[in-house]
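> Sequence isn't available, so here's the structure alone:
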Ligand SMILES: O=C(O)c1ccccc1NCC(=O)[C@H](O)[C@H](O)COP(=O)(O)O
């Protein structure tokens, strides 16, 4: 095996990086400690690998070198090895896979080894959800291949203007635009509503003056589903819809688009800057808005360094400890970060733990132009009235 070898890249997001490589097919062994350069080609991604890069523990079955499958293949799990290092350098504490599922022969950077205690248990709920998503997406991809989704997206109706709806609501009411959350349950609060009818709730929110809706699509932890998103859209609800998911793979964005989403959530605590940039590009291509969520100063700093973000959410809930503190919104909007947000004319969404008109006034004074609210309104027997109670005023169109 010599010279240039064509490669199909499964995750092209890291095309500019040096990536580890392993060889599949009839070639055995791993080049775990080898790094080879990945170059971008206008039509496809290819890899330039020299024989010298591939020596060491590798043995090559020469008879099968020409076989179709006998090319260098970069698989996602191999890229993740590099991704872990990137994540740690950006202060990301959430590991994307259990340590035992890390690439063979790879024990990870020092910080990762230091903390994993050799145990395959997630350190917190966000990590647990993230690991679960990884498996769930692999399963769902088999049932709905990306190529099929891409075709479906071509025929999908146009998306609605999520950001525009929030700006208009702010102008119309003088209050932060409301993203009302259709959520049956959550890991921190358990079941919020027993007789949960997503379409009925969505319609009530719309009547109550919500600018946009957030629909939980995670089944396991929130008792939501993509079928809820689809049903709300098909029922004729006009509010733009946010797909509230834990996105770890571009496939999820295509899937959300085919199910009627107008916007998707990206969580900075689980995604590197490069991934956010890459996923933002896909959203843009598909006409989707993106709500990029942060919880601390470091994540806010990272997100402000990424071009093209219009909507940034400040979650008052720590997704690691469940602690909720609405002063987090104020804290993150003070000083240099607040100045940059105003300069860039970004919309900040205050998320979680908002229950009263005083809470709304507090985050509005801190600088938010939108709020994302679930528990306090979904729990009401009449969610439409719940919205008026939350704002201390009827904000419906009538
Ligand atoms: O709500 C949880 O328990 C939770 C746990 C782990 C990850 C995410 C979680 N919630 C997502 C949210 O942040 C909220 O659904 C959203 O901001 C609305 O919050 P609230 O108004 O407090 O229901």
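Alright, I've got the coordinates. The structure displayed is predicted, hence computed values, not measured ones.
> What count of nearby residues applies to the residue in the stretch 1-150 of the chain positioned nearest to the ligand?
The ligand sits closest to residue 125 of the stretch 1-150 of the chain, with a gap of 5.0 Å, by Cβ to the nearest ligand atom. Where C-beta positions appear, they are placed from N, C-alpha and C, glycine not excepted. The criterion is other Cβ atoms under 10 Å. On that basis, residue 125 has 17 neighbouring residues.
> Pretty sure it sits against residue 323.
No: using Cβ atoms under 8 Å, residue 125 and residue 323 do not qualify as a contacting pair, with a distance of 12.0 Å.
> List the contacts of the residue of the stretch 201-350 of the chain found nearest the ligand.
Among the residues of the stretch 201-350 of the chain, residue 319 lies nearest to the ligand; the distance is 4.1 Å by Cβ to the nearest ligand atom. Residues touching residue 319, when contacts are defined by Cβ atoms under 8 Å, 6 or more residues apart in numbering, comprise 124-126, 267, 269, 295.
> Which one of these is nearest to residue 288?
For the contacts of residue 319, the closest approach to residue 288 (Cβ to Cβ) belongs to residue 267, at 15.6 Å.
> Check which helix or strand whichever residue of the stretch 51-200 of the chain sits closest to the ligand maps to.
When distances are taken as Cβ to the nearest ligand atom, the stretch 51-200 of the chain approaches the ligand most closely through residue 188, which lies 3.1 Å from it. Element membership of residue 188 [criterion: DSSP states H and E] is none; it lies in no helix or strand.
> Backbone dihedrals for it, both of them.
phi -80, psi -30 (degrees, to the nearest 10).
> Up against the ligand, what does the stretch 251-398 of the chain have?
By Cβ under 6 Å from any ligand atom, the residues of the stretch 251-398 of the chain that approach the ligand are 315, 317, 319, 322, 351-354, 372-376.
> for residue 166, helix, strand, or coil?
On the three-state scheme (DSSP: H, G, I helix; E, B strand; the rest coil), residue 166 is labelled helix.
> Next, the distance between the ends of stretch 302-315.
The first and final residues of stretch 302-315 sit 15 Å from each other (Cα to Cα, to the nearest Å).
> and if you look at stretch 377-385?
With Cα to Cα as the measure, stretch 377-385 spans 8 Å from end to end.
> ok, now stretch 135-153?
Its first and final residues considered, stretch 135-153 spans 24 Å by Cα to Cα.
> Identify each buried residue in that stretch, please.
Going by neighbour count (16 or more other Cβ atoms under 10 Å), the buried part of stretch 135-153 is 136-137, 149, 153.
> Stretch 321-339 now?
Across stretch 321-339, burial judged by 16+ other Cβ under 10 Å covers 326, 328-333, 337-338.
> average pLDDT across that stretch?
Here stretch 321-339 scores 96 as its mean pLDDT.
> Outside of that stretch itself, list whatever touches it.
Under the contact criterion Cβ under 8 Å, 6+ apart, stretch 321-339 has outside partners 124-125, 187-188, 294-297, 300-301, 304, 314-318, 341, 348, 350, 352-354, 359, 362-363, 366-368.
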